[in-house]
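**Q** Make a model of this:
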Amino acid sequence: MTGLLTAGASARRAMRARAAVATARADGRTVVSRLASAPPLTLRQTGPHTVHLVSTAAGPLGGDRLALDVDVAPGTTLELGSVASTLVLPGDGPSELVVTARVGAGATLRFAPEPTVLATGCDHRVAVRLTVEAGANVSWREEIVLGRHGEPSGRCLARFDATLDGLPLLRQEFTAGDPALDSSPALYGTARCIGTTFLTARAAEPYVAEGLAVLPLSGPGTLVTALAADAVELRARLEQGERLASR
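**A** Numbers count the residues shown, from 1 in each chain. Sure, this is the predicted structure:
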């Protein structure tokens, strides 16, 4: 999620932190009913139904164990983003981020943080567990940058599990930062940025172009996948795919 490099970051101890955000419906509108923060995961409400993660400590660093819980009540709306990119840094062992999200019937969740940058030497684990009820509308975007400018990528193992009404909807796992895989033309080739967007909206048909694939799932939903040389191009390709899927 969000993180900025600060002086002495590499010297701090590993953190255990859990943050949470929840919505409720009151007088026919969405209210943010819960915000719980713990550095480096600090949440700030920035609009009627908008919340941003802001940096209050460098991270994640190796050894950190971070968790974020998101609960969107039926019939409510939540937009969750971040104010800056996340810089994942090396440290004492792997770092870990677990995001658990529940989206109620008829609710809307837009999850779109700024990119995660894998600094050389990092070893990061990400697990997303998304549970969606019937009639919910979800857009879940993730962007990864393979290293800072001029450096090799750190390592990341990411797992995404989406479940709809108790049934598996999407199960996906990918690894970045393995030199034997990253340079393969069958995977990332010369790309320095990787991104995906999961949508509950279902594209009318598949679409494939350079650096972009829009693939309807077997159930409701669409997976947009993009590769690019830089973060700006990656964002443009993902947004193009999201528009195609939502037509």
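**Q** need the helix or strand of this protein with the lowest average pLDDT.
**A** In the chain, no helix or strand scores lower on mean pLDDT, DSSP states H and E than helix 179-182, which sits at a mean of 72.
**Q** Was I right to think residue 94 contacts residue 123?
**A** Yes - counting by CB atoms under 8 Å, residue 123 is a contact partner of residue 94 at 4.3 Å. Where you see a C-beta, it was placed from the backbone N, CA and C, and this is true even at glycine.
**Q** intersection of neighbour lists for the two?
**A** Common contact partners of residue 94 and residue 123 (CB atoms under 8 Å, 6 or more residues apart in numbering): residue 62.
**Q** Which residues belonging to the helix ranked longest in the chain are considered buried?
**A** In the chain, assigned by DSSP state H, the helix with the most residues is helix 231-245. Neighbour-count burial for helix 231-245 flags 231, 233, 234, 235, 237, 238, 240, 241, 242, 244, 245 (criterion: 16 or more other CB atoms under 10 Å).
**Q** same for it, what does it pack against?
**A** Helix 231-245 sits against strand 137-145, strand 193-199, strand 212-216, strand 222-228, with contacts defined as 3 or more CB pairs under 8 Å, 6 or more residues apart in numbering; DSSP states H and E.
**Q** could you redo those as CSV and give each row mean neighbour count and mean pLDDT?
**A** Shown next, in CSV, are those (neighbours: other CB atoms under 10 Å; pLDDT from 0 to 100):
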stretch, mean neighbour count, mean pLDDT
strand 137-145, 21, 97
strand 193-199, 23, 96
strand 212-216, 19, 97
strand 222-228, 23, 97
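**Q** State the distance from residue 68 to residue 123.
**A** Computed with CB to CB, to the nearest Å, the distance linking residue 68 and residue 123 is 20 Å.
**Q** How about residue 24?
**A** 38 Å.
**Q** With neighbour numbers in mind, choose between those two.
**A** Taking neighbours as other CB atoms under 10 Å, residue 24 and residue 123 compare with residue 123 leading, 19 against 16.
**Q** thought the more buried one was touching residue 62?
**A** Yes - counting by CB under 8 Å, residue 62 is a contact partner of residue 123 at 6.3 Å.
**Q** what do those two both touch?
**A** With CB under 8 Å, 6+ apart, residue 123 and residue 62 have common neighbours 90, 93, 94, 95.
**Q** Keep only those of these that are in strands.
**A** Among the shared contacts of residue 123 and residue 62, the members falling in strands (DSSP state E) are residue 95.
**Q** Could you pull up the residues touching residue 106?
**A** 74, 75, 135, 136.
**Q** Serialize those to a markdown table and add fields for distance to residue 155, pLDDT and neighbour count.
**A** As requested, those are arranged in a markdown table below (distance: CB to CB, whole Å; pLDDT from 0 to 100; neighbours: other CB atoms under 10 Å):
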| residue | distance to residue 155 | pLDDT | neighbour count |
| --- | --- | --- | --- |
| 74 | 39 | 97 | 15 |
| 75 | 41 | 97 | 18 |
| 135 | 38 | 94 | 14 |
| 136 | 33 | 97 | 21 |
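**Q** then stretch 216-228 to CSV, C-alphas only?
**A** C-alpha atoms of stretch 216-228 as CSV (Å, rounded to 0.1, in the frame of the first residue of the first chain):
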residue,chain,number,x,y,z
PRO,A,216,-14.1,-12.2,-19.7
LEU,A,217,-14.2,-14.8,-16.9
SER,A,218,-16.4,-17.9,-17.1
GLY,A,219,-18.7,-16.4,-14.5
PRO,A,220,-19.5,-12.8,-14.2
GLY,A,221,-16.4,-10.6,-14.3
THR,A,222,-13.4,-9.5,-16.4
LEU,A,223,-9.7,-9.6,-15.9
VAL,A,224,-7.7,-6.8,-17.5
THR,A,225,-3.9,-7.4,-17.7
ALA,A,226,-1.3,-5.0,-19.0
LEU,A,227,2.4,-4.7,-19.4
ALA,A,228,4.4,-1.5,-20.1
